[in-house]
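S.K.: What follows is a predicted structure for the sequence shown.
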Amino acid sequence: MMKSMLATCSLLVVVAVSSLPVHAQTSPSKPAPTEKPAQTEKPAQTEKPASPEKPAPGASPAPATAPQAKISPDELKKFAVATKQLLTIVNDAEGQMVQAVQKQGLSETRFNEIFQSKKNPTAKPATQITPKEEESYKQAVSQLTQIQEAARAKMDKAVQAQGLQMERFNQIFVAVQNDPQLRQEVRKMIQN
């Protein structure tokens, strides 16, 4: 649920971690919580979007057909370190999101029902939304938006702290996504 919202925060983690334990998460630039579908189950990678074609945090997607410059061992290492940091940021933010919803007196399931009914008016929740639930939902969405914004800023900083520009980070991401050998190298680096 909140995780899918956050899935729009990190991005690369999905690719680089596509086969890591259930701790890998990724999310590219994220839309407002009221625009993202909520999920209660985590995908194989702890809730990162299953579409590894998403761009890095705060960046636009790199075209898959763009010419790929050679990736130096140093760049690959920086990419892996940044990815590992993104995983931590995403996992922390997910925990904060769950707590924010629960703090408002809503279960993840109920939050998702309300979310889906707001997203699709023909999708009626199992039970009528009470005024108290409506207010709790609005407050939770506000908190989730703040958590997402803070996570996105941290992710941007983590990538840049490794000396990578977002454009280059996205290029490496696409290359890792499309090259099983590179992907395996990044996984090894992340696990160590």
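M.R.: Sure thing, it's come through. Residues are numbered from 1 along each chain as shown.
S.K.: Could you look up the next helix or strand downstream of the helix or strand of the chain with the lowest mean pLDDT?
M.R.: Here the helix or strand of the chain ranked lowest by mean pLDDT, DSSP states H and E is helix 12-16, holding a mean of 36. Per DSSP states H and E, the first helix or strand lying C-terminal to helix 12-16 is helix 73-103.
S.K.: Name the residues of that next one that are buried.
M.R.: 75-76, 78-87, 89-91, 93-94, 96-97, 100-101 (16 or more other Cβ atoms under 10 Å). The C-beta positions use only the backbone N, C-alpha and C, and glycine is treated the same way.
S.K.: Same question for stretch 127-147.
M.R.: Judged by neighbour count using 16+ other Cβ under 10 Å, the buried positions of stretch 127-147 are 129, 133, 136, 137, 139, 140, 141, 143, 144, 147.
S.K.: OK, contacts around the fifth one?
M.R.: Read that as residue 139. Residues counted as contacts of residue 139 (Cβ atoms under 8 Å, 6 or more residues apart in numbering) are residue 104.
S.K.: how many degrees apart are the helix or strand harbouring it and helix 73-103 in direction?
M.R.: For residue 139, the host element (DSSP H and E) is helix 131-161. For helix 131-161 against helix 73-103, the angle by axes from the mean of the first three to the mean of the last three Cα atoms, to 10 degrees is 160 degrees.
S.K.: Report the rounded mean pLDDT for the helix or strand following helix 131-161.
M.R.: Next in sequence after helix 131-161, counting helices and strands by DSSP H and E, comes helix 166-178. Mean pLDDT, helix 166-178: 92.
S.K.: Now do the same for residue 32: its pLDDT.
M.R.: 36.
S.K.: what's near enough to touch residue 129?
M.R.: By Cβ under 8 Å, 6+ apart, the contact list for residue 129 reads 114, 117, 137.
S.K.: what do you get if the cut-off is 10 Å, keeping everything else the same?
M.R.: Neighbour list for residue 129: 110, 113, 114, 117, 118, 136, 137 [criterion: Cβ atoms under 10 Å, 6 or more residues apart in numbering].
S.K.: Contacts only, for the residue nearest to the first one when sequence neighbours are not counted.
M.R.: Just to be clear, that refers to residue 110. Residue nearest to residue 110 in three dimensions, not counting chain neighbours: residue 133, with 7.1 Å by Cβ to Cβ, 6 or more residues apart in numbering. By Cβ under 10 Å, 6+ apart, residue 133 lies in contact with 104, 105, 106, 110, 111, 113, 114, 125, 127.
S.K.: Report the spatially closest residue to the third one, excluding sequence-adjacent ones.
M.R.: In other words, residue 106. Per Cβ to Cβ, 6+ apart, closest to residue 106 is residue 136, 5.3 Å.
S.K.: Relative to residue 117, how far out is the one you found?
M.R.: Relative to residue 117, residue 136 is positioned 14 Å away (Cβ to Cβ, to the nearest Å).
S.K.: what does residue 192 give?
M.R.: According to Cβ to Cβ, residue 192 stands 45 Å off from residue 117.
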